[in-house]
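> starting from these lines, generate the structure:
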Amino acid sequence: SKKDLVFNAIKLGVDNHPFLFTGHFELGGEKPLYYLEIKSEKLLYQKGKTLVSGNIARRLDSFTVEKPIDVKAIIDGRLLPNRIPLVNIDVLFNGNSVSTKAGQFANVVCKANFTNQFDKLKPNNDENSGFQFTGFSGSLEGIPLRADSTSIVNLLHPELKTRILADFSLDKLNEMMSGSTIEILQGSCKADIRYKGLMIVGDTSSASVFGSIAITNASLRYIPRNLVLSDVKGSILLDNTDVWVKQLAVKSGSSEMVMNGEIRNFTSLIDKNPERLLLNWNIESSRLNLNDFISFVGKRSGLKTIAHSKRKTLRIFNQIDQMLNKCTVEVKISAQKATYKKFDATRVFAEARMTGNEIVLKKAQLDHAGGSMSFSGILKQLPGNNDFSFNADMRDVDVKKVFSSFNNFNQDGITDHNIEGKLTASSNISGSITDKAELVNNSLKGRVDLLLREGGLKKFEPLEKISRTAFKNRDFSDIHFADLKERLDINGSEIKLGKMEIQSSVMTMFVQGIYDLEKGTDISIQIPMSNLAKRNDSFTPRNKGINSRTGISLFLRAKSGEDGKTKVSWDPFKKALKNARRRADSLDISKKSAMPEP
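Predicted structure coming up:
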């Protein structure tokens with residue numbers, strides 16, 4: 001008589017699965033009002049999807065649930081106009097396995113709710129529909145996660161909002177980074193991340209991410225450079241679209257570093273324009289051993305595929321790989337002390353840009369051997385060897401220590417056992433080095449302008465041979481000089497010496513020619529006859545200039561013999577000078593055609 005249909009906990013079989021139906025239908029009005037509550041236990045997810053409307057089912061296709069679930073659904077059409085009723089679906093997950101586009105979740109425990117009325121003041125439609133997950137715990141590819149509240153709103157343009165907490169062993173990430181640029185060896189991680197953004201595959205430009213990631217006792221391998229970093233400890237801060245690395249302590253070999261960095265607009269560019277990302281990186285070190293980073297001189301190696309179970313690599317790690325391969329890195333390095341083989345320096349500062357297979361050293365400054373040095377240059381990693389060009393300046397460095405530190409520049413003509421003094425020099429050099437930072441033979445080209453103060457030569461064989469040839473009563477084993485100033489032009493193994501004035505404690509001479517241990521040295525030595533008077537111990541050498549009057553002179557020739565040893569002989573017809581000029585002219589031509597832009 002009331003035209004009401006009321007039922008409570010009626011058991012009905014739907015597709016041979018039991019459901020409990022409770023409801024109230026008011027059939028007397030022009031538009032019947034109704035309320036329907038449906039419950040079921042141990043319902044297969046695939047079966048449950050077939051019982052909801054098409055627009056909801058399409059969203060549920062994004063998930064796959066392994067085990068049966070408990071479900072409660074409410075369809076409330078009591079509010080006019082009731083063309084689209086209020087829909088609420090509650091699902092209980094208890095140790096389930098859920099597959100999503102983000103990955104495979106295991107041991108999922110949570111309460112999930114679907115509603116088409118997130119905002120009670122708005123219509124019940126797709127824009128006002130979504131999912132709410134509370135009390136979530138589970139593991140993503142072996143990584144335990146917790147999330148107190150997660151929501152997906154607006155089914156027309158789904159937006160995800162969540163806060164994720166995680167505490168796990170870092171090596172678990174290897175299972176999601178097959179083929180990555182990084183292999184995790186050990187370590188622990190704690191993460192607290194808040195995420196909000198549209199769920200559009202391949203586009204994170206709308207995302208905002210806040211939170212922190214703390215790393216302790218970690219070790220990892222950067223595969224393209226085969227570089228192992230150990231004792232890694234620090235934090236990563238996520239600030240909307242930007243990423244900050246804070247006080248990341250790292251060891252590599254014998255080097256200890258503290259690093260800070262930033263990537264602006266990370267989420268905006270990571271998907272579509274990773275090459276536009278700029279990683280600003282600052283490194284501080286009390287002691288930096290450059291031998292630990294020789295791998296950066298060579299070419300990047302191919303990526304290593306890490307064998308694991310048949311799990312999909314998470315998209316975020318693919319994105320990070322793309323960033324590390326394509327982004328530009330601006331790095332600033334400061335170290336109290338730096339070493340490389342025999343070379344050691346203090347108060348080191350360097351600023352460089354790395355992009356693709358190119359390293360640009362914008363500037364570098366350091367103290368070495370009692371003086372200072374500054375550099376700038378570029379290294380291009382090419383098939384075969386690696387080409388470089390650089391500018392360098394030295395100020396008042398101990399030349400003996402410089403020769404020793406650089407292994408006598410791979411020559412044995414003048415070594416640290418022979419030379420002494422304070423060196424000031426500027427140079428522009430190009431050449432090639434191997435992947436082990438060893439100089440390719442005969443690749444050097446360029447010029448060096450040098451000034452040697454308080455200079456001296458001890459037991460230098462070519463000068464001792466002069467004493468045996470022309471001045472047998474003088475000791476050439478320990479000679480001191482006035483300032484030596486000269487430009488050296490370098491082409492492979494050849495070094496062109498312009499006319500150089502040598503005012504020494506033993507005699508005055510002018511030297512000019514080509515010094516070359518491979519193709520043969522040929523140097524003209526002019527000795528003014530005024531040297532016939534022997535100089536006493538109190539004599540102080542002073543330069544007069546290469547154009548000063550020398551009077552009658554004796555000419556000698558220092559030339560390599562067939563046995564490779566330099567022999568000194570009389571040269572009255574100045575053959576050494578003529579030959580040196582001829583070779584110097586060819587050196588100028590080849591140098592001009594071969595020198596790249598610095």
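> mean confidence score for the longest strand along the chain?
Using DSSP state E to define each element, the chain has its longest strand at strand 182-198. The average of the pLDDT scores along strand 182-198 is 91.
> buried stuff in that strand?
182, 183, 184, 187, 189, 191, 192, 193, 195, 196, 197 (16 or more other CB atoms under 10 Å). Using the backbone N, CA and C atoms, a C-beta is placed for each residue, glycine as well.
> what do you get for stretch 390-407?
390-392, 394, 397-405.
> in helices, which of those residues fall?
399, 400, 401, 402, 403, 404, 405 (DSSP state H).
> out of those residues, flag the one nearest to residue 380.
Residue 380 has its nearest neighbour among those in residue 405, at 25.5 Å by CB to CB.
> how far away is that closest one from residue 72?
Remark: distance between residue 405 and residue 72 (CB to CB, to the nearest Å) = 78 Å.
> circling back: contacts for the very next helix or strand once past the longest strand of the chain?
Remark: after strand 182-198, the chain's next helix or strand is strand 208-222, criterion DSSP states H and E. For strand 208-222, the surrounding residues in contact (CB atoms under 8 Å, 6 or more residues apart in numbering) are 163, 170, 181-197, 227-241, 248, 267.
> what's the average pLDDT for strand 208-222?
On average, strand 208-222 scores 93.
> partners of that strand in the sheet?
strand 182-198 (antiparallel), strand 227-240 (antiparallel) (DSSP bridges).
> okay, those strands in CSV with distance to residue 97 next?
Shown next, in CSV, are the strands paired with strand 208-222 (distance: least, CB to CB, whole Å):
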stretch, distance to residue 97
strand 182-198, 22
strand 227-240, 29
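> out of these, nearest to residue 156?
Proximity to residue 156, assessed across those by CB to CB, is greatest for strand 182-198 (10.8 Å).
> what about the closest one, distance to the chain center?
Chain-centre distance of strand 182-198: 20 Å, with CA atoms, centre = their mean, to the nearest Å.
> again, but for stretch 105-125
Relative to its parent chain, stretch 105-125 has a centroid offset of 43 Å by CA atoms, centre = their mean.
> can you say which helix or strand has residue 46 in it?
helix 45-49.
> which strands and helices lie in contact with that helix?
strand 69-76 (3 or more CB pairs under 8 Å, 6 or more residues apart in numbering; DSSP states H and E).
> list the buried ones in the strand it packs on?
Buried residues in strand 69-76 (16+ other CB under 10 Å): 69, 71, 72, 73, 74, 76.
> what's near enough to touch the first one?
Contacts were defined as CB under 8 Å, 6+ apart; by that measure residue 69 touches 42, 43, 45, 48, 91, 92, 93, 96.
> how about a cut-off of 6 Å?
43, 91 (CB atoms under 6 Å, 6 or more residues apart in numbering).
> and if you look at the second one?
The contact partners of residue 71, taken as CB under 6 Å, 6+ apart, are 40, 43, 91.
> which ones among the residues you listed map onto strands?
Those of the contacts of residue 71 lying in strands (DSSP E): 40, 43, 91.
> rounded mean pLDDT for the helix holding residue 46, please.
88.
> that one: what's the following helix or strand?
That would be, after helix 45-49 and using DSSP H and E, helix 54-60.
> which other residues reach that following helix?
The contact list for helix 54-60 (CB under 6 Å, 6+ apart) reads 49, 126, 155.
> stretch 25-45 too?
Contacts of stretch 25-45 (CB under 6 Å, 6+ apart): 3-5, 19-24, 65, 68-78.
> before we move on, the earlier item: mind putting the contacts of residue 71 in TSV, distance to residue 545 and neighbour count included?
TSV is the format used below for the contacts of residue 71 (distance: CB to CB, whole Å; neighbours: other CB atoms under 10 Å):
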residue	distance to residue 545	neighbour count
40	106	21
43	103	20
91	96	21
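> what about the stretch 251-400 of the chain, any weak spots by pLDDT?
Scanning the stretch 251-400 of the chain for pLDDT under 70 picks out 298-317.
> that one: helices as residue ranges?
Assigned by DSSP state H, counting those that start in this stretch, the stretch 251-400 of the chain shows helices spanning 266-269, 315-326, 399-405.
> and those helices: which comes nearest residue 581?
helix 399-405 (28.1 Å).
> other SSEs contacting the next helix or strand after that closest one?
Next along the chain after helix 399-405, taking DSSP H and E as the criterion, comes strand 419-433. Secondary-structure packing of strand 419-433 (3 or more CB pairs under 6 Å, 6 or more residues apart in numbering; DSSP states H and E): strand 386-398, helix 399-405, strand 445-458.
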